[in-house]
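K.L.:
below is the sequence, then the predicted model.
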Amino acid sequence: MRQGLLVALLAAAGSAGGALLTWRLARLLGAVDDPAPARKVHDRGMPRLGGLAIGGGVVLALAVGALGGWPGASRVFSFPPPLVGLGAAGILVALVGLLDDVYELGPLAKLAGQVAAGSLAWAAGFRLETVVLGPTRWELGPLALPATVLWFVAVMNAVNLVDGLDGLAASLALLAVLVFGVQAVRDGGAVAATVAWAIGGALVGFLAHNVHPARQFMGSTGSLLLGLLLAALSLGTLRGRVGWDPLVALPALGVPLLDLVLAFARRVLRGTSPFRADREHLHHRLLDAGRGQGRAVAILAAVQAGFAACALAALFLPPRVRPVAALPALVLAVAVPLRLRGAGGGEGAGR
């Protein structure tokens, strides 16, 4: 516990300090999100390479922990093949995000990068091979590869889509990593728990620059990297030995996944491309209903906290009654879109 807190504090300091550098780097490279009143929320050009600060904070904390001989961090840097592969996937997807932040890649190019990163994670051993639901286990067999890649791509896109208000994506990811960190501790995953502490600390440090009114955005660099790491953590341990539990993984990422599903369904039902951006995400509807950015983020964070509570309950309930924890999560998943259904939303892309 003490070493975990130290890892989190180091990651927070590294992320907060690194954000000062990424602010300047973003302006130097032209990675600035310009305002577009008809489509976006912010009213001034915003640097959007904050994801580099988040990743840098994580690496710094783990490196210092390894040099200090802390068990979890030391194992991260002993370079077992799975963690090397996940690191390669992280570098790849961060590079895709960086190119998107600077040059604004097309959706197919970003998707190709996400699929490649998910495939690298699978090759490294981060595989959705076993689905655990209460006392029941299902082996996916030959479906493991497509299921794994689909899960990684879905989570990366989900985090990317909710990065539309100051502090929103970082706040929701922080709640998700809390769940996966507790899961790692329960399952004896020292490496996964240490990585979760580092990610959580880095998010807290970045939020110092990202809460409303934000001074910079995490950009695709941050949202895609966070999505990759959260997808890996959700597999049970960093190598997925425990199995993927949908009663934990889905509510832990409740708001981002709900927004992703709604966006996909909305666009397909209208006969438009699933990649076509619109201004009807959950956070846009809250803004259209008269909530300011700060209040909209607080509302969605509260909803995410409700989902996280359901996930934590599923972690500790006896297997046979564990599905009961899904009931309030289902109620939230239905009630939130219905409650916001009346709020307007125009075409165009959010941030």
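P.N.:
On my side now, so go ahead.
K.L.:
switch to C-alpha atoms for all contacts and neighbour counts from now on
P.N.:
OK.
K.L.:
now I54: how far from W70?
P.N.:
21 Å (Cα to Cα, to the nearest Å).
K.L.:
who has more neighbours, those two?
P.N.:
Neighbours were tallied for I54 and for W70 using other Cα atoms under 10 Å; the higher tally belongs to I54 (34 against 16).
K.L.:
which secondary structure state does that one sit in?
P.N.:
In three-state terms, and counting by DSSP: H, G, I helix; E, B strand; the rest coil, I54 is helix.
K.L.:
and it, how far from G219?
P.N.:
As judged by Cα to Cα, I54 and G219 stand 11 Å apart.
K.L.:
same check, this time on A94
P.N.:
Distance from A94 to G219, counting by Cα to Cα: 10 Å.
K.L.:
just checking, G219 touches L99?
P.N.:
No: checked against Cα atoms under 8 Å, the pair G219 and L99 is beyond contact range at 10.5 Å.
K.L.:
hmm, who's touching the worst-scoring helix or strand of the chain on mean pLDDT?
P.N.:
Using mean pLDDT, DSSP states H and E, helix 71-76 stands out as the lowest-scoring helix or strand of the chain, at a mean of 73. Outside helix 71-76, the residues within contact range by Cα atoms under 8 Å, 6 or more residues apart in numbering are 62-63, 65-67, 83, 190-195.
K.L.:
cool, stretch 78-88 as well?
P.N.:
Contacts of stretch 78-88 with the rest of the structure, by Cα under 8 Å, 6+ apart, involve 76, 120-121, 123-126, 239.
K.L.:
report the rounded mean pLDDT for it.
P.N.:
Stretch 78-88 comes out with an average pLDDT of 81.
K.L.:
can I get that stretch in CSV? Just the C-alpha atoms.
P.N.:
Listed in CSV are the C-alpha atoms of stretch 78-88, where the atom choice follows Å, rounded to 0.1, in the frame of the first residue of the first chain:
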residue,chain,number,x,y,z
SER,A,78,12.5,-7.2,-15.7
PHE,A,79,11.3,-7.2,-19.3
PRO,A,80,9.2,-10.3,-19.5
PRO,A,81,7.9,-10.7,-23.1
PRO,A,82,4.2,-9.8,-22.3
LEU,A,83,5.1,-6.4,-20.9
VAL,A,84,7.6,-5.7,-23.7
GLY,A,85,4.7,-6.4,-26.1
LEU,A,86,2.3,-4.2,-24.3
GLY,A,87,4.9,-1.5,-24.2
ALA,A,88,5.3,-1.8,-28.0
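K.L.:
where are the low-confidence patches of the stretch 201-350 of the chain?
P.N.:
In the predicted model of the stretch 201-350 of the chain, residues 236-242, 342-350 satisfy pLDDT under 70.
K.L.:
cool, thanks, signing off.
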